[in-house]
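Undergrad: have a look at this fold, sequence not included:
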C-alpha cells in the first residue's frame, strides 16, 4: 500500500513537473492539458474547491489551484 501523503504544494509542484516533462517529450498542449487537468480537477475536489454539481462560475472562491 502507498504510505506517502502529499501536501497541496507538493501536488501542485508534481503536476507542474508532469506538465513540463510531457511538453519536453513532445506532447501537444491539448494532450498535456487533458492529462494533467484531470488530476488538477481531482485535487481541487479533494480540498473542496471543485464540486461536480456546481457551475464553473459558482465554484468556491479562493481556489488555490486556479
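TA: Happy to help now that I have it. Quick caveat: nothing in here was measured; it's all calculated off a predicted structure. Residues are numbered from 1 along each chain as shown.
Undergrad: could you use CA atoms for every contact and neighbour count after this?
TA: Noted.
Undergrad: most centrally placed residue in the protein?
TA: The centre of the chain sits closest to residue 40, judged by Cα atoms, centre = their mean, with a distance of 1.2 Å.
Undergrad: buried ones in the helix or strand harbouring it?
TA: Element membership of residue 40 [criterion: DSSP states H and E] is helix 29-46. Neighbour-count burial for helix 29-46 flags 32, 36, 40-41, 43-44 (criterion: 16 or more other Cα atoms under 10 Å).
Undergrad: what of stretch 17-33?
TA: 19, 22, 32.
Undergrad: what strand or helix carries the first one?
TA: In other words, residue 19. helix 8-24.
Undergrad: wait, residue 36 sits on residue 17?
TA: No - Residue 36 is beyond contact range of residue 17, at 10.1 Å (criterion: Cα atoms under 8 Å).
Undergrad: any chance of the buried residues of helix 29-46 in a markdown table, plus pLDDT and distance to residue 6?
TA: Formatted as a markdown table, the buried residues of helix 29-46 follow (pLDDT from 0 to 100; distance: Cα to Cα, whole Å):
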| residue | pLDDT | distance to residue 6 |
| --- | --- | --- |
| 32 | 92 | 22 |
| 36 | 89 | 16 |
| 40 | 86 | 13 |
| 41 | 85 | 16 |
| 43 | 83 | 11 |
| 44 | 82 | 14 |
